[in-house]
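Novice: I would like to see how this sequence folds:
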Amino acid sequence: FPAAAAPLSGIVAGEGPYQGARVCVDANANGRCDAGEVSAQTDAAGRFTLPRTGPVVAEIPAGALLAGVPVTRALTFRAPVQATAVVSALSTEVQAALDAGVGHFAAARKAVAARVGVPAARLLEDPDAEPDAAVRALLAAETARLLDRIADATAEAGPGGSVVKPLRDRLALGRIDHVV
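Specialist: Down below sits the predicted model:
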């Protein structure tokens, strides 16, 4: 997947920002930050900047901080090239739907948003920046529901294996009945 030369800035977020995540443009689409792939570390606000765009992976090791609290299990978040401003459990779920063959980005985002109960335009935003308390609560509940599945997929893939199939199997298959 050829990446464009434009810079990419974003945030790795959940119930607050993730500090200490390794973020990269996933040039070979294996869901990992491999040697040779452009990467950066998130700062205390969960922010990162990469020198080019493309699909994004955030590897969050055990011990990284989520809103100042150490993460206990390693996580791998993914974000499709169309939605890299916020890399989160929810962007990972949309990417897993794409990997499972749901169709194009808009269809995958719409299907996941409908199941979560939020407008599609708000699904992939920073939950902490959401002004509507009801939408924020739905995003937080879905994020909490996904974290163990994402941690299990990350563990199954191991330190160097592709995380694409384990994430797809845990997040997408059998979860979306159809796309309108």
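Novice: following the longest strand along the chain, which helix or strand shows up next?
Specialist: When the chain is parsed with DSSP state E, its longest strand is strand 8-14. Counting by DSSP states H and E, the element after strand 8-14 in chain order, helix or strand, is strand 16-19.
Novice: strand partners (parallel or antiparallel) of that next one?
Specialist: Neighbouring strands of strand 16-19 in its sheet, by DSSP bridges, are strand 8-14 (antiparallel), strand 65-66 (antiparallel).
Novice: please work out which of the ones you listed is packed deepest.
Specialist: Across these, the average number of neighbours (mean count of other C-beta atoms under 10 Å) peaks for strand 8-14, which reaches a mean of 23. Bear in mind the C-beta positions are built from the backbone N, C-alpha and C, glycine included.
Novice: not counting its own residues, what contacts it?
Specialist: The list of residues contacting strand 8-14 from outside it, by C-beta atoms under 8 Å, 6 or more residues apart in numbering, reads 17-18, 21, 23, 25, 42, 45-54, 56, 58, 60, 66, 77, 79, 84-89, 126-128, 143, 147.
Novice: phi, psi of residue 27?
Specialist: In terms of degrees, to the nearest 10, the main-chain angles of residue 27 are phi -60, psi -30.
Novice: which one is it nearest to, not counting chain neighbours?
Specialist: For residue 27, the nearest residue in space outside its immediate sequence neighbours is residue 37; the separation is 5.2 Å by C-beta to C-beta, 6 or more residues apart in numbering.
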